[in-house]
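> Take this sequence and fold it.
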Amino acid sequence: MAPRLQPFSPRSPVLRRTAAAMASLSAQFSNRNNLVVALCVIALLLVVLHSGPVNLSALPLSPTLPQDASRWDFPVYSKTLSPMRKVLNGTEYVYQVPPSPRAVIFLAHGCNCKATFFWDKHPECQTCCGAPEERAFVIEALRKSYALIAISSQNECWQKEDSRRAKLVLESWIDEFTLTELPLLGLGASSGGYFISSFAKVVRFDAIVVMIAEGRFQSVPDSLYPPVLFVHMIKDEMRAKKIRERIPVLRKAGIEADEIQCKEIKISDDFFAKRIPYIDVPTSTRLREFFLQSEYLDKRGHLKMDGRLMKWKAEMRSKGGQELLETLSRKSGNWEHHICEELNVAFSFHEFTSRPTGKIIAWLESHVKMPPKITSESWR
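Model prediction:
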């Protein structure tokens, strides 16, 4: 698609603002030396303005870093995260475009989640809630100069009808930011994993990641289907079996397919502090001690059961842990969901996980022709 050009004209708001700024600048100089410097700057600006149309879409996109975060009425945990939330024809989406983006990643959430789970709360996304695993993946992808967009499903889980809506939003957003020439990647987890495997037949992705799902492959796609990476968890043996049956079938059809399996994690004293930004090490240690005393952990520090089956909050309250619950609730209105997510990741059965992010990105970059990474100083 041809870049959109925005020429300057005598009536251009940009030119009017520039002229006003130059007049104000000239008025501030009281001696001849300073005035000479000012006139040189003005002359240079006039040359630039007179040189013709300027391709604004080609200029580097700068992130809205929270340098004035002290004015916000909520804590800021990462200067990297600067989301923008919008709604198009009733479809919610959240995105962030770093300077000099190298690729685009479309993110599809799981059931009972939303696009807002991938970023922390921000003035431009007041409903963002920063689920710890999702935000960790986004932070790393942004550091690799990937532009990201997450779209919310219409209902609790993704449905076939979401395909048309998501395609409209994705293509409109790519056109808006002139990202058409960049590699298009997709990642979906659980319900989003099933969705992305079907969506890849509607939208031309360069590669996709299907997380904690075996995908929808009732019929074997043709060789134009993108390379697919399955990310699943060690305790979900049934899904692992289906994935390992599927991979050779896809490969035989000329489709590159691989897998990453995630193992269980030991819950150490700093386990929650490393993953949830508002939990400090003392609070994390108290949480571990509670799970140990409640016999949810074995001697190695591994969970004995799926976090979804644990009634730990009620048990904590009944065992005198009300003060700890109140401490957590003061930190975040989403603390319970965040702790549950990390328990699910530790048990390693079924959860969005950022643990293999480095491996996922390395796999994507080995299967897709990527532009070189250019990091702006303001983005470090």
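
> Okay, helices next: where are they in the stretch 201-350 of the chain?
237-252, 271-275, 281-293, 312-318, 322-331, 335-347 (DSSP state H, counting those that start in this stretch).

> Any regions of the protein where pLDDT drops low?
Along the chain, segments meeting pLDDT under 70 span 1-71, 373-380.

> Find the centremost residue of it, please.
Ranked by distance to the mean C-alpha position of the chain (Cα atoms, centre = their mean), the top residue is V138 at 3.1 Å.

> Spit out the contact partners of that residue.
Counting by Cβ atoms under 8 Å, 6 or more residues apart in numbering, V138 touches L81, Q96, L107, F118, W119, L148. For every residue, glycine as well, the C-beta is placed using N, CA and C.

> And Y95, by the same measure?
Per Cβ under 8 Å, 6+ apart, neighbours of Y95: P83, M84, K86, A147, L148, I149, A150, W173.

> Which of the residues you listed fall within helices?
When DSSP state H is applied, the contacts of Y95 are split such that W173 fall in helices.

> Let me know the closest of the contacts of Y95 to W72.
P83 (13.8 Å; Cβ to Cβ).

> Now do the contacts for the closest residue to the closest one other than its chain neighbours.
Nearest non-adjacent residue to P83, counting by Cβ to Cβ, 6 or more residues apart in numbering: W119, 3.8 Å away. For W119, the contact set (Cβ under 8 Å, 6+ apart) comprises L81, P83, V94, Q96, C125, C128, G130, R135, V138.

> One more: L170?
F106, I149, I151, V203.

> From the residues you listed, pick the one nearest V210.
F106 (12.9 Å).

> and A141, which of the three is it?
Under DSSP: H, G, I helix; E, B strand; the rest coil, the three-state class of A141 is helix.

> didn't M305 look like it was pressed against F347?
Yes - counting by Cβ atoms under 8 Å, M305 does reach F347; the two are 7.3 Å apart.

> Neighbour count: these two, which is higher?
F347 (25 against 11; other Cβ atoms under 10 Å).

> just checking, that one touches L303?
Yes - at 4.5 Å, F347 and L303 qualify as touching, with contact defined as Cβ under 8 Å.

> Any chance you could list residues touching both of those two?
In contact with both F347 and L303: E264, using Cβ under 8 Å, 6+ apart.

> mind listing the helices in the stretch 51-200 of the chain by residue range?
132-143, 162-176, 191-199.

> any idea of the angle the second one forms with helix 191-199?
So that's helix 162-176. 80 degrees (axes from the mean of the first three to the mean of the last three Cα atoms, to 10 degrees).

> same check, this time on the first one
Direction vectors for helix 132-143 and helix 191-199, defined by the same axes, to 10 degrees, enclose an angle of 50 degrees.

> what's the closest of the contacts of V138 to R216?
Distance to R216 across the contacts of V138 (Cβ to Cβ) is lowest for L107, with 18.1 Å.

> In the sheet, which residues pair with the closest residue to the closest one other than its chain neighbours? Tell me.
Nearest residue to L107, sequence neighbours excluded (Cβ to Cβ, 6+ apart): A150, at 4.0 Å. Beta-bridge partners for A150, by DSSP bridges, are V94, L107.

> what bridges to the residue nearest to F352 when sequence neighbours are not counted?
Once flanking residues are discounted, F352 sits nearest to A189: 4.3 Å by Cβ to Cβ, 6+ apart. Applying DSSP bridges to A189 gives these bridge partners: M211.

> Just give the number of residues close to the closest residue to K263 other than its chain neighbours.
Nearest non-adjacent residue to K263, counting by Cβ to Cβ, 6+ apart: I234, 5.1 Å away. I234 has 13 neighbouring residues, counting by other Cβ under 10 Å.

> For the helices of the stretch 201-350 of the chain, give me CSV that also has distance to E156.
Converted to CSV, the helices of the stretch 201-350 of the chain look like this (distance: least, Cβ to Cβ, whole Å):
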stretch, distance to E156
helix 237-252, 20
helix 271-275, 25
helix 281-293, 29
helix 312-318, 22
helix 322-331, 25
helix 335-347, 15
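
> R244 is in contact with E214, correct?
No - applying Cβ under 8 Å, one finds E214 not in contact with R244, separated by 9.6 Å.

> Compare the two (neighbour count), which wins?
E214 (21 against 14).

> gap between the more buried one and E259?
10 Å (Cβ to Cβ, to the nearest Å).

> joint contacts of the two?
With Cβ under 8 Å, 6+ apart as the test, E214 and E259 both reach F230, I243.

> Tell me which of the helices of the stretch 201-350 of the chain lies nearest to L364.
It's helix 237-252; of those, that one is closest to L364 (Cβ to Cβ) at 16.8 Å.

> packing partners for that closest one?
Contact partners of helix 237-252 among helices and strands, from 3 or more Cβ pairs under 8 Å, 6 or more residues apart in numbering; DSSP states H and E: strand 228-233, strand 257-262.
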